[in-house]
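Colleague: Return atomic coordinates for the entry below.
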Amino acid sequence: MRLATWNINSIRARADRAVAFLERTGVDVLALQETKCKDEQFPREGFEALGYEVATTGFSQWNGVAIISKVGIEDVEVGFPGMPTWGDPAAAEARALGATCGGVRVWSLYVPNGRELEDPHYAYKLDWLGRLRDAAKGWLDDDADAQVALVGDWNIAPLDTDVWDIGFFAGRTHVSPAEREAFTAIAGAGYTEVSRVHLPAEHTYTYWDYQQLRFPRNEGMRIDLTYATPALAARVTGATIERNERKGKAPSDHVPVVLEIAG
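Modeller: Presented below is the predicted three-dimensional model:
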């Protein structure tokens, strides 16, 4: 099975690119983030024409996640247990969607940005990650052989070499000690970030801002990441970062990360 994650940065603007990506790569399951549309606005027809099923959660032009699968979509779950809320009035955002696809429990995750270190959104981000860690640990506690993938845009660069210039990020989010500790706590719960196992090279990025020629200068960040339970990690035989998807007409600022999973 081939499992991919991609922050598409508006599915309505890039549905044709996503469909073409699936046709070109033969990916079986695609987890999308930042779909930026309500469920009824999601352009599912192009995917369904290729034989894929689509599950979505989206409430507005912000956030939104989806799972697109040609190996089945079962037991769809919007939000993980204990997921915190945000806003006034407080409500669960469209940031987490789970479904079982081909025997793998896939979670498409769009971790809160955090904005700035003193912003309430930063505390929300840390709480969100902590609650996710608790839920993830619970799944493994319930079944040590569980096949679970936590994939998406984590909005965290775990290592200094996951950004082009760590000095540029001094005093900013995405690289703070608390965020990195929250990210590595998922590993502490028994999960492995499998894309790094297969793609260990430093300064390997998945995101480049649209501004200031970041992509031509290769001034990027590695923030699209893939955690797997031990049973699933043992089946992952390779990973690729589809850098060419950052090129061409109207690309997303992120590119897909693809996992190869043995049968």
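
Colleague: if I look at residue 261, how far off is residue 235?
Modeller: If you measure residue 261 against residue 235 using CB to CB, to the nearest Å, the figure is 5 Å. (Glycine included, C-beta is placed from N, CA and C.)

Colleague: Settle it for me: which of the two has more neighbours?
Modeller: When residue 261 and residue 235 are compared for neighbours, residue 261 comes out ahead with 23 against 16, by other CB atoms under 10 Å.

Colleague: surely the more buried one meets residue 234?
Modeller: No - counting by CB atoms under 8 Å, residue 261 stays clear of residue 234, with 10.0 Å between them.

Colleague: Point to the residue nearest the middle of this protein.
Modeller: Centre of the chain computed as the mean C-alpha position; nearest residue by CA atoms, centre = their mean is residue 152, 0.5 Å away.

Colleague: Okay, it and residue 177: tell me how far apart.
Modeller: Using CB to CB, we find residue 152 at a distance of 22 Å from residue 177.

Colleague: And residue 232, by the same measure?
Modeller: Remark: distance between residue 232 and residue 177 (CB to CB) = 29 Å.

Colleague: More neighbours: which of these two?
Modeller: Neighbours were counted for residue 232 and for residue 177 using other CB under 10 Å; residue 232 has more, 25 against 7.

Colleague: how about the strands of this protein, start to end?
Modeller: In chain order, the chain shows strands spanning 2-7, 29-33, 53-57, 65-69, 74-78, 96-101, 104-110, 148-153, 192-193, 224-228, 236-241, 257-261, with DSSP state E as the criterion.

Colleague: ranking those by burial, who's on top?
Modeller: By mean neighbour count, with neighbours taken as mean count of other CB atoms under 10 Å, strand 29-33 ranks first of those at a mean of 29.

Colleague: and it with strand 224-228, angle?
Modeller: Computed with axes from the mean of the first three to the mean of the last three CA atoms, to 10 degrees, the direction of strand 29-33 lies at 130 degrees from that of strand 224-228.

Colleague: circling back to that earlier point, residues touching the residue nearest to the residue nearest to the centre of the chain when sequence neighbours are not counted, list them.
Modeller: Once flanking residues are discounted, residue 152 sits nearest to residue 109: 3.5 Å by CB to CB, 6 or more residues apart in numbering. Residue 109 makes contact with 31, 33, 65, 95-96, 132, 150-154, according to CB atoms under 8 Å, 6 or more residues apart in numbering.

Colleague: Who does residue 109 form a beta bridge with?
Modeller: Under the criterion DSSP bridges, residue 109 forms beta bridges with residue 96, residue 152.

Colleague: which one of the contacts of residue 109 is nearest residue 250?
Modeller: Nearest to residue 250 among the contacts of residue 109, counting by CB to CB, is residue 33 at 17.4 Å.

Colleague: thought the closest one was touching residue 11?
Modeller: No - using CB under 8 Å, residue 33 is not in contact with residue 11, being 9.9 Å away.

Colleague: what sits in contact with each of the two?
Modeller: Overlap between the contact sets of residue 33 and residue 11, as judged by CB under 8 Å, 6+ apart, is given by residue 64.

Colleague: Could you pull out the helices in the stretch 1-150 of the chain for me?
Modeller: Using DSSP state H, counting those that start in this stretch, the helices of the stretch 1-150 of the chain run over 11-25, 45-48, 120-142.

Colleague: how about TSV for those helices, with mean pLDDT added?
Modeller: TSV is the format used below for the helices of the stretch 1-150 of the chain (pLDDT from 0 to 100):
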stretch	mean pLDDT
helix 11-25	98
helix 45-48	98
helix 120-142	98
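
Colleague: could I get those as JSON lines with distance to residue 225 and mean neighbour count?
Modeller: Converted to JSON lines, the helices of the stretch 1-150 of the chain look like this (distance: least, CB to CB, whole Å; neighbours: other CB atoms under 10 Å):
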{"stretch": "helix 11-25", "distance to residue 225": "19", "mean neighbour count": "17"}
{"stretch": "helix 45-48", "distance to residue 225": "24", "mean neighbour count": "15"}
{"stretch": "helix 120-142", "distance to residue 225": "12", "mean neighbour count": "18"}
